[in-house]
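Peer 1: I'll drop the sequence and a predicted model, then ask my questions.
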Amino acid sequence: MWARKPGFSTLLYIILEQQVSLASAKAAYDRLLIAASPLTPKRFLGLSARSLRAIGFSRQKTEYGRALAKSIINRRLDLSALVGMPDTDAKRELMDHRGIGPWTADIYLLQALRRPDVWPSADLALAVAIEEVLGLAARPKTEEIDSIGECWRPWRAIAARVFWHYYLTGRSGSGEGAM
């Protein structure tokens, strides 16, 4: 199910996963947990830019992580409040913060909050799997992925997980893809 515990640590991990392989994001996250455990916004902010670079954070992801930590500490972002919000409001609330775009917000809603109808149409692995499973001539664009996903509403998160499973195991079995 790719379920994750809601909170700062998970959202930061999802930021690490942006545009990189799952394996490299996990390696960086594991190093982060060694450097700052338990991982809290305050502990994260205590790490130097040099330490974060050694862990595997790019300059941009360091900025995103610091902005996220400060937003939580300053109570501009209350992750527990997202639980009671409708999907669109929770996604908008997340995206109001630097470094959190549609993909990051969707993955957090789908995996951490376990929302049943989240469809991460900007996800590369989802696009590749849809192309292959449906036998499309080319990788579908976000708008086409949105349209394809409509038939699974209100359970699109389940369909996304099935496509991810195919991507990670049905193609080569390597499990090293980017999501």
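Peer 2: Looks like it arrived, so ask away.

Peer 1: May I have the secondary structure class of the residue with the largest distance to the centre of the chain?
Peer 2: Here the centre of the chain is the reference, and by CA atoms, centre = their mean the most remote residue is residue 137, at 27.5 Å. Three-state call for residue 137 (DSSP: H, G, I helix; E, B strand; the rest coil): coil.

Peer 1: which phi and psi does it have?
Peer 2: Residue 137 adopts backbone torsions of phi -70, psi -20, taken as degrees, to the nearest 10.

Peer 1: Give me the residue ranges of the protein where confidence is low.
Peer 2: 1, 171-179 (pLDDT under 70).

Peer 1: repeat that for 50
Peer 2: The model of the chain has pLDDT under 50 over residues 173-179.

Peer 1: can you list the domains in it?
Peer 2: Per automatic domain parsing, the structural domains of the chain span 8-112, 124-170.

Peer 1: any chance of these in a markdown table, plus distance to residue 2?
Peer 2: Bear in mind the C-beta positions are built from the backbone N, C-alpha and C, glycine included. Output for the domains of the chain, formatted as a markdown table (distance: least, CB to CB, whole Å):
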| stretch | distance to residue 2 |
| --- | --- |
| domain 8-112 | 5 |
| domain 124-170 | 7 |
